[in-house]
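J.: sequence and computational prediction follow.
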Amino acid sequence: MVSVPNIITVFRVFMVPVFIMAVFYGRFKVALFTFLLASFSDALDGFLARRLKQITALGIILDPIADKSLIDSGYILFSFAEKVIPVWLSIIVISRDLLIIFGGWLLSVFGKLDRVRPSILGKLTAFLQFSTILAVLIKVNYGIIGLKELYLLFYLTAAFTVASALHYTYRGIRELNGE
(Lines give C-alpha, C1' and ligand atoms only; values in the text may rest on other atoms or scores of the structure.)
Protein backbone atom coordinates (compact mmCIF):
# COMPACT_ATOMS: atom_id res chain seq x y z
CA MET A 1 0.00 0.00 0.00
CA VAL A 2 2.77 2.47 0.83
CA SER A 3 4.59 3.20 -2.40
CA VAL A 4 6.06 6.24 -4.09
CA PRO A 5 3.19 6.45 -6.63
CA ASN A 6 0.61 6.28 -3.82
CA ILE A 7 2.41 9.00 -1.85
CA ILE A 8 2.38 11.22 -4.96
CA THR A 9 -1.34 10.52 -5.44
CA VAL A 10 -2.11 11.40 -1.80
CA PHE A 11 -0.09 14.59 -2.27
CA ARG A 12 -2.30 15.40 -5.29
CA VAL A 13 -5.45 14.83 -3.21
CA PHE A 14 -4.15 17.40 -0.71
CA MET A 15 -3.46 19.86 -3.54
CA VAL A 16 -7.16 19.98 -4.44
CA PRO A 17 -8.19 22.19 -1.47
CA VAL A 18 -5.20 24.45 -2.17
CA PHE A 19 -6.38 24.79 -5.78
CA ILE A 20 -9.96 25.47 -4.67
CA MET A 21 -8.93 28.17 -2.19
CA ALA A 22 -6.60 29.79 -4.71
CA VAL A 23 -9.36 30.07 -7.33
CA PHE A 24 -11.99 31.09 -4.79
CA TYR A 25 -9.82 33.90 -3.43
CA GLY A 26 -8.68 35.05 -6.87
CA ARG A 27 -5.08 33.89 -6.47
CA PHE A 28 -4.97 32.65 -10.06
CA LYS A 29 -1.18 32.36 -10.33
CA VAL A 30 -1.19 30.09 -7.27
CA ALA A 31 -4.09 28.17 -8.83
CA LEU A 32 -2.16 27.80 -12.10
CA PHE A 33 0.97 26.60 -10.31
CA THR A 34 -1.04 24.16 -8.17
CA PHE A 35 -2.93 22.87 -11.20
CA LEU A 36 0.28 22.35 -13.18
CA LEU A 37 1.91 20.60 -10.23
CA ALA A 38 -1.13 18.37 -9.77
CA SER A 39 -1.22 17.56 -13.49
CA PHE A 40 2.49 16.71 -13.50
CA SER A 41 2.07 14.55 -10.40
CA ASP A 42 -0.79 12.69 -12.14
CA ALA A 43 1.47 11.78 -15.04
CA LEU A 44 4.37 10.97 -12.71
CA ASP A 45 2.48 8.66 -10.35
CA GLY A 46 1.02 6.68 -13.24
CA PHE A 47 4.40 6.36 -14.93
CA LEU A 48 6.11 5.29 -11.70
CA ALA A 49 3.38 2.81 -10.78
CA ARG A 50 3.79 1.06 -14.12
CA ARG A 51 7.58 1.38 -14.29
CA LEU A 52 8.20 0.22 -10.71
CA LYS A 53 5.41 -2.37 -10.90
CA GLN A 54 3.74 -0.74 -7.90
CA ILE A 55 0.15 -0.66 -9.08
CA THR A 56 -1.98 -1.08 -5.95
CA ALA A 57 -5.69 -1.26 -5.15
CA LEU A 58 -5.31 1.97 -3.18
CA GLY A 59 -3.75 3.71 -6.18
CA ILE A 60 -6.45 2.41 -8.52
CA ILE A 61 -9.08 3.97 -6.24
CA LEU A 62 -7.28 7.18 -5.21
CA ASP A 63 -5.95 8.24 -8.61
CA PRO A 64 -9.33 8.84 -10.26
CA ILE A 65 -10.66 10.44 -7.07
CA ALA A 66 -7.79 12.92 -7.13
CA ASP A 67 -8.32 13.60 -10.84
CA LYS A 68 -12.09 13.99 -10.63
CA SER A 69 -11.83 16.20 -7.53
CA LEU A 70 -9.39 18.55 -9.23
CA ILE A 71 -11.23 18.68 -12.55
CA ASP A 72 -14.75 18.92 -11.15
CA SER A 73 -13.81 21.60 -8.62
CA GLY A 74 -12.17 23.59 -11.43
CA TYR A 75 -15.27 23.36 -13.60
CA ILE A 76 -17.59 24.31 -10.73
CA LEU A 77 -15.46 27.25 -9.62
CA PHE A 78 -14.89 28.61 -13.10
CA SER A 79 -18.59 28.26 -13.93
CA PHE A 80 -20.15 29.67 -10.80
CA ALA A 81 -17.55 31.79 -8.98
CA GLU A 82 -15.63 33.17 -11.96
CA LYS A 83 -18.22 32.67 -14.74
CA VAL A 84 -15.60 31.82 -17.37
CA ILE A 85 -16.68 28.25 -18.19
CA PRO A 86 -20.30 27.91 -19.33
CA VAL A 87 -22.51 26.11 -16.84
CA TRP A 88 -23.67 23.67 -19.54
CA LEU A 89 -20.10 22.40 -19.94
CA SER A 90 -19.70 21.86 -16.20
CA ILE A 91 -22.97 19.94 -16.13
CA ILE A 92 -21.74 17.69 -18.96
CA VAL A 93 -18.36 17.05 -17.33
CA ILE A 94 -19.77 16.36 -13.86
CA SER A 95 -22.64 14.24 -15.22
CA ARG A 96 -20.14 12.02 -17.05
CA ASP A 97 -18.15 11.61 -13.84
CA LEU A 98 -21.28 10.68 -11.90
CA LEU A 99 -22.24 8.21 -14.64
CA ILE A 100 -18.80 6.60 -14.47
CA ILE A 101 -18.94 6.41 -10.67
CA PHE A 102 -22.40 4.83 -10.79
CA GLY A 103 -21.32 2.42 -13.53
CA GLY A 104 -18.22 1.47 -11.55
CA TRP A 105 -20.34 0.84 -8.48
CA LEU A 106 -22.78 -1.27 -10.51
CA LEU A 107 -19.97 -3.30 -12.07
CA SER A 108 -18.41 -3.84 -8.62
CA VAL A 109 -21.73 -5.14 -7.29
CA PHE A 110 -21.64 -7.80 -10.00
CA GLY A 111 -17.92 -8.48 -9.52
CA LYS A 112 -16.92 -7.19 -12.94
CA LEU A 113 -15.15 -3.92 -12.13
CA ASP A 114 -11.67 -5.42 -12.45
CA ARG A 115 -12.17 -6.02 -16.19
CA VAL A 116 -12.91 -2.41 -17.12
CA ARG A 117 -9.94 -0.28 -18.14
CA PRO A 118 -9.77 3.33 -19.30
CA SER A 119 -10.21 3.63 -23.05
CA ILE A 120 -8.23 5.86 -25.38
CA LEU A 121 -11.39 7.97 -25.78
CA GLY A 122 -11.61 8.32 -22.00
CA LYS A 123 -7.96 9.33 -21.77
CA LEU A 124 -8.37 11.87 -24.58
CA THR A 125 -11.44 13.25 -22.82
CA ALA A 126 -9.50 13.62 -19.56
CA PHE A 127 -6.71 15.38 -21.48
CA LEU A 128 -9.21 17.83 -23.02
CA GLN A 129 -10.88 18.46 -19.67
CA PHE A 130 -7.49 19.20 -18.07
CA SER A 131 -6.54 21.35 -21.08
CA THR A 132 -9.73 23.37 -20.72
CA ILE A 133 -8.99 24.22 -17.09
CA LEU A 134 -5.40 25.03 -18.04
CA ALA A 135 -6.54 27.32 -20.88
CA VAL A 136 -8.94 29.11 -18.53
CA LEU A 137 -6.17 29.57 -15.96
CA ILE A 138 -3.89 31.00 -18.67
CA LYS A 139 -6.69 33.34 -19.78
CA VAL A 140 -7.44 34.66 -16.29
CA ASN A 141 -3.73 35.06 -15.52
CA TYR A 142 -2.38 36.44 -18.77
CA GLY A 143 -5.32 37.14 -21.09
CA ILE A 144 -3.51 35.62 -24.05
CA ILE A 145 -6.27 33.20 -24.99
CA GLY A 146 -9.35 34.71 -26.59
CA LEU A 147 -12.98 33.78 -26.05
CA LYS A 148 -13.21 32.35 -29.56
CA GLU A 149 -10.39 29.89 -28.83
CA LEU A 150 -11.83 29.07 -25.42
CA TYR A 151 -15.26 28.32 -26.88
CA LEU A 152 -13.72 26.09 -29.52
CA LEU A 153 -12.05 24.17 -26.69
CA PHE A 154 -15.32 24.15 -24.69
CA TYR A 155 -17.24 22.59 -27.61
CA LEU A 156 -14.48 20.08 -28.33
CA THR A 157 -14.32 19.08 -24.66
CA ALA A 158 -18.11 18.75 -24.51
CA ALA A 159 -18.22 16.57 -27.64
CA PHE A 160 -15.51 14.23 -26.38
CA THR A 161 -17.03 14.12 -22.89
CA VAL A 162 -20.43 13.08 -24.28
CA ALA A 163 -18.84 10.56 -26.65
CA SER A 164 -16.80 9.12 -23.79
CA ALA A 165 -19.87 8.85 -21.55
CA LEU A 166 -21.75 6.99 -24.28
CA HIS A 167 -18.75 4.75 -24.93
CA TYR A 168 -18.30 3.83 -21.25
CA THR A 169 -22.05 3.21 -20.93
CA TYR A 170 -21.93 0.88 -23.93
CA ARG A 171 -18.89 -0.96 -22.55
CA GLY A 172 -20.49 -1.24 -19.10
CA ILE A 173 -23.72 -2.68 -20.48
CA ARG A 174 -21.77 -5.21 -22.57
CA GLU A 175 -19.74 -6.19 -19.50
CA LEU A 176 -22.88 -6.64 -17.39
CA ASN A 177 -24.41 -8.79 -20.15
CA GLY A 178 -21.31 -11.00 -20.15
CA GLU A 179 -20.21 -10.03 -23.66
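T.: Ah, there it is.
J.: going by C-alpha atoms from here, please, whenever you check contacts or count neighbours.
T.: Will do.
J.: shaky segments in the protein?
T.: 1, 113-116 (pLDDT under 70).
J.: list the helices and strands whichever helix in it runs longest packs on?
T.: With secondary structure taken from DSSP state H, the chain has its longest helix at helix 147-176. With contacts taken as 3 or more C-alpha pairs under 8 Å, 6 or more residues apart in numbering; DSSP states H and E, helix 147-176 sits against helix 87-109, helix 120-142.
J.: which elements pack onto the first one?
T.: Going back to what we said before, that points to helix 87-109. By 3+ C-alpha pairs under 8 Å, 6+ apart, helix 87-109 packs against helix 57-76, helix 147-176.
J.: what's in contact with stretch 41-54?
T.: Outside of stretch 41-54, the residues within contact range by C-alpha atoms under 8 Å, 6 or more residues apart in numbering are 3-6, 8-9, 12, 55, 63, 67.
J.: just the buried residues of those.
T.: Listed as buried from these are 3, 5-6, 8-9, 12, 55, 63, 67; burial here means 16 or more other C-alpha atoms under 10 Å.
J.: quick one on the thing from earlier: what about the contacts of stretch 41-54, which are in helices?
T.: 4-6, 8-9, 12, 63, 67.
J.: of all these, which comes closest to K112?
T.: The closest of those to K112 turns out to be D63 (C-alpha to C-alpha; 19.4 Å).
J.: so who does that closest one touch?
T.: By C-alpha under 8 Å, 6+ apart, the neighbours of D63 are 9, 42.
J.: now it: how far from S39?
T.: Separation of D63 from S39 (C-alpha to C-alpha, to the nearest Å) stands at 12 Å.
J.: go on, V93?
T.: 18 Å.
J.: could you do L70 as well?
T.: Taking C-alpha to C-alpha, one finds L70 at 9 Å from S39.
J.: higher neighbour count, those two?
T.: Per other C-alpha atoms under 10 Å, whichever of L70 and S39 has more neighbours is L70, with 23 against 17.
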